[in-house]
Every structure is written in C-alpha cells, then in structure tokens.
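Trainee: need coordinates for the below:
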Amino acid sequence: MEFTALQDFFCEDTQSSYGKGLSYTVRPANAYPLDQMDPKLAAQVRGRCEALAKLVPQWIKEGKVAPGRPAGGAVRGG
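Mentor: As a prediction, this is how the structure comes out:
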C-alpha cells in the first residue's frame, strides 16, 4: 500500500516523521531480512511495519494522508 502525506507529522508508534507531499510504501515485515538482524532490531522492524499498516487507514480518515502517489510521480531518496 502506498500513501502520500498531506501534512508534516511525527508518529510515536512508528518513530518516524512524514513530510507533506512525500509518498511512502507500507511493506510487510517479511520484506526485510529479519533473520539476518539482531533479534531486538528485528522485533522493532516487525512492530513498526505492523503499526504502520494499522495506522494508514486511520490517517486517511483523519485527512493526514491520501492513498496512492501523486499523479506526477514521486522523488526517491538514495
């Protein structure tokens, strides 16, 4: 699932900042090499992925984000 932030905000649950106009992708935890990570870090990644997947529908209802990416595309960071 992809979403675009409609405002700048910080989320305690994911420990992440989201910037107005920037697009993000919700990935399942198994998209990351959890078996190659320190168990504590793997648990944090798993928790943040799960939290984000649950929060995006709520953020859409609150008007913080819109589903998808802008029609003009998006800039990807390196």
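
Trainee: can you tell me how far Trp59 is from Asn30?
Mentor: As judged by Cβ to Cβ, to the nearest Å, Trp59 and Asn30 stand 23 Å apart. The C-beta positions use only the backbone N, C-alpha and C, and glycine is treated the same way.

Trainee: looking at the two, which is more packed in?
Mentor: When neighbours are counted by other Cβ atoms under 10 Å, Trp59 and Asn30 differ, and Trp59 comes out ahead with 20 against 10.

Trainee: my guess is that one contacts Thr4. True?
Mentor: No. Checked against Cβ atoms under 8 Å, the pair Trp59 and Thr4 is beyond contact range at 10.6 Å.

Trainee: intersection of neighbour lists for these two?
Mentor: Counting by Cβ atoms under 8 Å, 6 or more residues apart in numbering, the contacts common to Trp59 and Thr4 are Val65.

Trainee: for stretch 32-46, buried residues please.
Mentor: 42, 45-46 (16 or more other Cβ atoms under 10 Å).
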